[in-house]
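K.L.:
build me a model from this:
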Amino acid sequence: MNINSSITEVKGIGDKTAALFKKLNILTVRDLILSVPRDYLSYSEPIPIANVKSGVRCAVYAKVSSYVKSEKRGHLLISSVKISDDSGSMYVTFFNCPFIKNVMRPGASFIFTGNAKFAFNKLSFEMPEYYDSKKYDAMTRTMQPVYGLTSGLSNKTFQKIIHEVVPLADSIEDPLTEDIRKETGLMPLGEALMNVHFPVNTETLKCALGRLAFNEFLSFLLEVNRLRSDNVARESEFKLADGAKIRLESFLASLPYSLTDAQKRAIDDIVNDMSGPYVMNRLVQGDVGSGKTIIAAAALFVTVLSGYQGALMVPTEVLAVQHYEDFKKLFDKHGVRVGLLTGSQTLKEKRLIYEQLKAGDIDIIIGTHALIQEKPEYKKLGLVCTDEQHRFGVKQREKLQEKGGNPHTLIMSATPIPRTLAIIIYADLDISVVNELPGGRKKIKNCVVGTSYRDTAYNFIYNEVKKGHQAYIICPMVEDSENCDMENVTDYSEKLKGFYKGSVRVEYLHGKMPEARKNEILHSFMNREIDVLVSTTVIEVGINNQNATVMMVENAERFGLAQLHQLRGRVGRGDAQSYCIFINTKDSDEASARLKVLENSNDGFYIANEDLKLRGPGDFFGIRQSGDLLFKVADIYKHHEMLMLAQDTVIKYADVLEGRFEVLKSSAGDNTITTL
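P.N.:
Modelled structure (predicted):
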């Protein structure tokens, strides 16, 4: 067996287990080794029940003091039992565990460990681990990795398989030469991979994760460096026509609202770039709600006025449809022909769009990844716009550019990044910052609360629904995962339905769903057929529901501030007052201080800078949803020092390192759920 062997050659993996790993896109031994745990658990000494705090992971040694009570709520079996020690009592709750009544018998004693929470008027452990004293004593001396799982695959099985293959980690070629590695002071790759799976201690784990973050930054920056070299002084084939600027000014003056000074500056930057001798490569970085869409519309309009076609690629089909409908209303009266291309369209619909694009009968095409597939051909593609660039990456951006030879490129991003980091991440682009919000919008009211506030929040959401509004509730996990105390959308939505007892229409959404099902749910939400949408961060971008007035985020302390700000941006888009409720499940001063930044400010750029200060390189633990971002491990805030080091390394050794990072590609790709 070697790193390129199929996982079926690993001891303990039969056809059934291999099929489960395939769901996680883990096909080879290399994929297994590169599957970084999403969290780590440590096991502390048990404390008295009287000292248990909501939101804090702890352990108690207690006796079962009641019989198990079970009830069905939809597809969810909820089993609850009371436990006690000399200091007090609390409850332990299990979901879909019918066997638990045979284990939790009155008088039996266990050490229970998990994240205590106050919900439905009682303090409880939900789905805790439980051990006898001897086994728990052995656990206190280790850090246990927790992996992204799928239904049917336990964390214990995953750990056992990793134990079998991790000795082969040294077989994966280190892309850094020995000289570069010593100069940077980084841990060897094989050692880093072994310590990421089974860390000796916290300090070793930080070094190991830092090395993997460095690899991802370095690989990305090498691509950016190559792209920048290709872009330097490329002569433009798509200069603006005489009079296009004047007609654009007339178009903007006819809008039913006034542009902010920041919007005007960004449009001027774009017009000047496109009027010049070289190809434009510009990023428009604007806060949530700053009006970037009209900037893209202006750029596309002036492109069409000059006799060229424009393309706008967005991350979700729902957003593509929304933009298509909005752009048609905006441009129909000006004779601009707008088309839509998405993955779910029929073959007949796509063929018609292909023909129209090739013939030049479509001026502006709006779509998803379908725009970069092989078939679309353009008559004269002069401008490529991508919305939320970090969702696509350098390679995909290039692929769309290649459709038109050397078209101008405009990137739109609502992800607030401190300028010092933006200069590195977007090194191949010129940057326009839109740092003003259009007038007339009501400021979102924010609050950070503990878990005891949940019922109050549910009642507040109920009142908003009765006013005709809608709400989002964000959970960090897709489904219940062994050894995980974070909320997950599947169980949470069932509990919420039980709370509302049919008076509120609840549905859930996550990134692992088939695209058609996701679109169906989002369309239902947009059409007000769903009152409360329980979702992962898949809705962070790509949905514009002006009727939604409440955003509630569970386990808010586990997200970065910039990402929480993005989530908050899903509400406050209409005329009604909107609210954001951050549920802090961790009773710590550090978590409270971070979330207070959000409570006190709606300024994304201020929040991004505070995120950078507060999180720092020492905070390696957090959550990341499947496929959400460009990196699997690296985070520009948590690992900003590694980003700086990677930038220095690229400047010195780009020629030496070119092409060496292909060794770290795996089948798992962006679909592996990882935590920092």
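
K.L.:
now the strands for the stretch 551-676 of the chain?
P.N.:
Remark: strands assigned in the stretch 551-676 of the chain by DSSP state E, counting those that start in this stretch are 579-583.

K.L.:
so where's it uncertain?
P.N.:
Segments of the stretch 551-676 of the chain classed as low confidence (criterion: pLDDT under 70) are 587, 615-630, 662-676.

K.L.:
where in the stretch 351-500 of the chain is pLDDT low?
P.N.:
Low-confidence segments of the stretch 351-500 of the chain, defined by pLDDT under 70, are located at 374, 388-404, 419-420, 440, 480-485.

K.L.:
one more time with 90
P.N.:
For the stretch 351-500 of the chain, applying pLDDT under 90 flags the ranges 368-378, 386-407, 409, 411-443, 450-452, 476-488.

K.L.:
ranges for the helices of it?
P.N.:
Along the stretch 351-500 of the chain, counting by DSSP state H, counting those that start in this stretch, helices occupy 393-401, 419-425, 454-466, 489-500.

K.L.:
so for residue 571, which of these sits nearest?
P.N.:
Within the helices of the stretch 351-500 of the chain, the stretch nearest residue 571 is helix 454-466; the backing value is 10.3 Å (CB to CB). C-betas here are computed from N, CA, C, even on glycine.

K.L.:
any idea which of the helices of the stretch 351-500 of the chain gets closest to residue 543?
P.N.:
For the helices of the stretch 351-500 of the chain, distance to residue 543 was read as CB to CB. The smallest value, 15.5 Å, belongs to helix 489-500.

K.L.:
list the helices and strands the helix or strand just after the closest one packs on?
P.N.:
Later in the chain than helix 489-500, the nearest helix or strand by DSSP states H and E is strand 506-509. Based on contacts counted as 3 or more CB pairs under 8 Å, 6 or more residues apart in numbering; DSSP states H and E, the elements that strand 506-509 packs against are helix 489-500, helix 515-526, strand 532-535.

K.L.:
quick one on the thing from earlier: so which of the helices of the stretch 351-500 of the chain is the most surrounded?
P.N.:
helix 489-500 (a mean of 19; mean count of other CB atoms under 10 Å).

K.L.:
the inter-axis angle of it versus helix 454-466?
P.N.:
Comparing the axes of helix 489-500 and helix 454-466 via axes from the mean of the first three to the mean of the last three CA atoms, to 10 degrees yields an angle of 80 degrees.

K.L.:
show me what helix 489-500 is in contact with.
P.N.:
The contact list for helix 489-500 (CB atoms under 8 Å, 6 or more residues apart in numbering) reads 73-76, 95, 120, 455, 458, 462, 473, 475, 477-480, 504, 506-510, 532, 534-536, 554.

K.L.:
follow-up on the earlier one: in JSON lines: the helices and strands packed on strand 506-509, plus distance to residue 649.
P.N.:
Putting the helices and strands packed on strand 506-509 into JSON lines (distance: least, CB to CB, whole Å) gives the following:
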{"stretch": "helix 489-500", "distance to residue 649": "40"}
{"stretch": "helix 515-526", "distance to residue 649": "38"}
{"stretch": "strand 532-535", "distance to residue 649": "38"}
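
K.L.:
quick one on the thing from earlier: out of the helices of the stretch 351-500 of the chain, which gets nearest to residue 133?
P.N.:
Ranking the helices of the stretch 351-500 of the chain by their distance to residue 133 (criterion: CB to CB) puts helix 489-500 first, at 29.7 Å.

K.L.:
please verify my assumption that residue 7 contacts residue 27.
P.N.:
Yes - proximity of residue 7 to residue 27 meets the contact threshold set by CB atoms under 8 Å, at 6.4 Å.

K.L.:
so who does residue 18 touch?
P.N.:
Residues in contact with residue 18 (CB under 8 Å, 6+ apart) are 6, 7, 8.
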